[in-house]
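Chemist: Pasting a predicted model and its sequence here:
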Amino acid sequence: MWLQLLMIYAYVAGGLFVYFFPTILAVILRHSSPGGIFFTNIAIGWTIIGWFVLFAWVFDRQSTN
């Protein structure tokens, strides 16, 4: 039973990591607008297109410090 719970927690943690990966990258790369990326990630990050748009925003050199 505890092994099943551990696997569920691992899947949830992994899923959240993948879902918020653009936000995590924005913070690591010191993007000028990580808050905007975070809220956009919440709003449209669940769509595949939105997730890739966020990646384009994260790696946009004009928006980074």
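Modeler: Sure thing, it's come through.
Chemist: okay, CA-based contacts and neighbour counts for the rest of this
Modeler: Fine.
Chemist: how far away is Ile24 from Ala10?
Modeler: Taking Cα to Cα, to the nearest Å as the measure, Ile24 falls 18 Å from Ala10.
Chemist: Looking at these two, which is more packed in?
Modeler: Ile24 (17 against 12; other Cα atoms under 10 Å).
Chemist: How about the contacts made by the more buried one?
Modeler: The contact partners of Ile24, taken as Cα atoms under 8 Å, 6 or more residues apart in numbering, number zero.
Chemist: From here on, call the first residue 4.
Modeler: Sure thing, new numbering starts at 4, so read that last one as Ile27.
Chemist: what is the mean pLDDT for the host helix or strand of it?
Modeler: Following DSSP states H and E, one finds Ile27 within helix 24-31. When pLDDT is averaged over helix 24-31, the result is 95.
Chemist: Find the residue closest to the residue most central in space within the chain in space, skipping its chain neighbours.
Modeler: Closest to where the C-alpha atoms of the chain average out (Cα atoms, centre = their mean) is Phe23, at 2.0 Å. Nearest residue to Phe23, sequence neighbours excluded (Cα to Cα, 6 or more residues apart in numbering): Asn44, at 6.9 Å.
Chemist: How about Gly53?
Modeler: For Gly53, the closest residue by Cα to Cα, 6+ apart turns out to be Ile47, at 5.2 Å.
Chemist: so that neighbour touches Phe55, yeah?
Modeler: No. Using Cα atoms under 8 Å, Ile47 is not in contact with Phe55, being 10.2 Å away.
Chemist: Show me where this structure has its helices.
Modeler: 5-22, 24-31, 37-47, 51-61 (DSSP state H).
Chemist: Can you list the neighbours in contact with the last one?
Modeler: Spelled out, that is helix 51-61. Residues contacting helix 51-61 (Cα under 8 Å, 6+ apart): Pro25, Thr26, Leu28, Ala29, His34, Ile40, Thr43, Asn44, Ile47, Gly48, Ser66.
Chemist: Highest neighbour count among these?
Modeler: Of the contacts of helix 51-61, with other Cα under 10 Å as the count, Thr26 tops at 27 neighbours.
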